[in-house]
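Visitor: fold the following.
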Amino acid sequence: MNLKSSKKVDVNKYELEVEISAEDFNKELSSIYQRNIKKIVVPGFRKGKAPKAFVEKYYGENVFFEDALNNLYPDAIEKAVEEAKLDIVEDKIDLEVEKMSKEDGVVFKAKITVMPEVEIGNYKGIEVSKKEVKVEDEDVEKELKSVQERNGRLVTVSDRAAQLGDSVVIDFEGFMDGKAFEGGKGDNFTLELGKKQFIEGFEDQIVGHNAGEEFEINVKFPEDYHAKNYAGKDATFKIKLHEIKMHELPELDDEFVKDVSEFDTLDEYKKDIKAKLLERKEKQAKDEKEGEMIEKLISLVKAEIPEALIKNKLRDLVRDFDYRMQSQGLKLADYLKYTGSKMEDLENNFRPQAESQVKLQLALKKIAEIENLIPTEEDIEKEYNKISEFYKMELDKVKNIVPVKDVEKDILSNKALEIVRENSVEK
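Guide: Numbers count the residues shown, from 1 in each chain. Have a look, this model is predicted:
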């Protein structure tokens, strides 16, 4: 392989002229012949026994050219990019073959997308809001109330109508224009009134009815309802109310505390709740401050970002979303069907996130360059160990799977972000 020339032809676009030697080209032609000979038929020869010269004479001298080029050009481009010292973006490569023969080898031109030139403003001294963190007595009481409710029990009531806060057991079936619709039916469904599990107005219209009653309620699906074929439409639900249950809460006393915690008294338990709430709020404040800092850092980036970078990030985000759906037992195709969405809609929803993440990566990469950051062998080993521990995988396997270049990129990004963090200013 020989890089003949490299020139910028557009924003974030370079054209490389690359040569593959006749020796390498002919070697690959012979390899392809050897791999395919068993299935090649040439008149006058038994199947798989025709010499290469006869195969080329019968099918044409260039019979193996295309396969040879397809096998050789990825490595040739990779070496050319390295020689040209370009930082390539994963994207479609426009290939134009100038010549290809056994005598001269191959010369082709390839248009590639490269990482954008980035300018960044003053990343040292980014102002972030100072977060005041404190836990009030009402916060503790609210948490205590939540623990009390989780440890309550449901008791059937028969001497009154349903109220907000009750749990009811119902059969329901929904109708639009007099016809039952898909997904609108349930039997012996337990619904907590006031939790707004169903669309607006559904739960409120059950309030006031008694166990054993059969009745109808009328609702309107929201205009922004996730299933677009239902959005904004009126529906009638036939309801049969089987049972009303109220929540009976335990007394908040020392005995209750002993049952639900490692403490002996209510006062001790309250102190522990307060400490944990403070820790939680401090983490939340730290995360909010970090989010604000990153948002401001992103705003300092100036670059003409290639669409390929955004698309690559979108692909990653959609793939991660697909994994999350699968972990919940739902295929992405089924999710799109149930929500009445298309893949394009999903990508549009993720696009702002993709753009922000790409800008952040570009910012951190630029800062790493400005600060002359270099990952040490110790840094690399430590990062591999973290990956190994997180995925509970042997270290050697991790090193075989995760390229060292990817690890180095992560290390540089983390080091750059730490510089921004250390130099941020609370206001």
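
Visitor: biggest helix in the protein by residues?
Guide: Using DSSP state H to define each element, the chain has its longest helix at helix 266-299.

Visitor: tell me the buried residues in that helix?
Guide: 266, 269-270, 273-274, 277, 281, 289, 292-294, 296-298 (16 or more other C-beta atoms under 10 Å). From N, CA and C alone the C-beta is placed, and that goes for glycine too.

Visitor: any chance of TSV for those, columns distance to Lys337?
Guide: Below are the buried residues of helix 266-299 laid out as TSV (distance: C-beta to C-beta, whole Å):
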residue	distance to Lys337
Leu266	51
Tyr269	48
Lys270	49
Ile273	44
Lys274	47
Leu277	42
Lys281	41
Lys289	41
Glu292	38
Met293	40
Ile294	35
Lys296	40
Leu297	39
Ile298	35
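
Visitor: a markdown table for the residues you listed, including distance to Val420 and pLDDT?
Guide: Converted to a markdown table, the buried residues of helix 266-299 look like this (distance: C-beta to C-beta, whole Å; pLDDT from 0 to 100):
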| residue | distance to Val420 | pLDDT |
| --- | --- | --- |
| Leu266 | 45 | 96 |
| Tyr269 | 41 | 96 |
| Lys270 | 39 | 96 |
| Ile273 | 35 | 97 |
| Lys274 | 33 | 96 |
| Leu277 | 29 | 96 |
| Lys281 | 24 | 95 |
| Lys289 | 12 | 95 |
| Glu292 | 12 | 96 |
| Met293 | 7 | 97 |
| Ile294 | 8 | 97 |
| Lys296 | 9 | 97 |
| Leu297 | 6 | 97 |
| Ile298 | 11 | 97 |
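
Visitor: which member of the residues you listed is positioned nearest Leu314?
Guide: Distances from Leu314 to these, taken as C-beta to C-beta, are shortest for Ile298 (17.0 Å).

Visitor: the closest one and Gln326, how far apart?
Guide: If you measure Ile298 against Gln326 using C-beta to C-beta, to the nearest Å, the figure is 31 Å.

Visitor: please apply the same query to Tyr338.
Guide: Taken as C-beta to C-beta, the span from Tyr338 to Gln326 is 15 Å.

Visitor: likewise Phe64?
Guide: Taking C-beta to C-beta, one finds Phe64 at 42 Å from Gln326.

Visitor: what does Gly165 give?
Guide: Gly165 is 36 Å from Gln326, by C-beta to C-beta.

Visitor: pLDDT score for Leu336?
Guide: If you check Leu336, the pLDDT there is 89.

Visitor: quick one, what contacts it?
Guide: Counting by C-beta atoms under 8 Å, 6 or more residues apart in numbering, Leu336 makes contact with Lys342, Met343, Leu346.

Visitor: Ile387 now?
Guide: For Ile387, the contact set (C-beta under 8 Å, 6+ apart) comprises Met393, Val398, Val402, Val407.

Visitor: so the last one touches Lys386, yeah?
Guide: This points to Val407. No: checked against C-beta atoms under 8 Å, the pair Val407 and Lys386 is beyond contact range at 9.8 Å.

Visitor: quick check on the two: which one has the bigger neighbour count.
Guide: Val407 (21 against 13; other C-beta atoms under 10 Å).

Visitor: what helix or strand is the more buried one on?
Guide: helix 404-422 (DSSP states H and E).

Visitor: can you tell me the average pLDDT over stretch 161-175?
Guide: In the prediction, stretch 161-175 has an average pLDDT of 94.

Visitor: how far out from the middle of the chain is it?
Guide: 37 Å (C-alpha atoms, centre = their mean, to the nearest Å).

Visitor: ok, and what's touching that stretch?
Guide: Here stretch 161-175 makes contact (C-beta under 8 Å, 6+ apart) with 154, 157, 180-181, 184-194, 203-204, 206-210, 235-247.

Visitor: rewinding a little: which ones among the contacts of Ile387 map onto helices?
Guide: Those of those lying in helices (DSSP H): Val398, Val407.

Visitor: just the buried ones from the contacts of Ile387?
Guide: Taking 16+ other C-beta under 10 Å as the criterion, what is buried in the contacts of Ile387 is Val398, Val402, Val407.

Visitor: distance check, the last one against Ile387.
Guide: Right, the one you point to is Val407. For Val407 relative to Ile387 (C-beta to C-beta), the value is 8 Å.

Visitor: now the first one
Guide: Distance, Val398 to Ile387, using C-beta to C-beta: 5 Å.

Visitor: what of Val425?
Guide: According to C-beta to C-beta, Val425 and Ile387 sit 33 Å apart.

Visitor: most centrally placed residue in this structure?
Guide: Geometric centre of the chain, nearest residue: Leu317, 3.0 Å, by C-alpha atoms, centre = their mean.

Visitor: what about the helices in the stretch 101-250 of the chain?
Guide: Ranges of helices in the stretch 101-250 of the chain, per DSSP state H, counting those that start in this stretch, are 137-150.

Visitor: next, give phi and psi for the spatially most distant residue from the centre of the chain.
Guide: Most distant from the centre of the chain: Gly44, at 58.4 Å, with distances by C-alpha atoms, centre = their mean. Main-chain torsions, Gly44, degrees, to the nearest 10: phi 100, psi -10.

Visitor: so who does Ile374 touch?
Guide: Per C-beta under 8 Å, 6+ apart, neighbours of Ile374: none.

Visitor: need the pLDDT of it.
Guide: For Ile374, the pLDDT comes out at 95.
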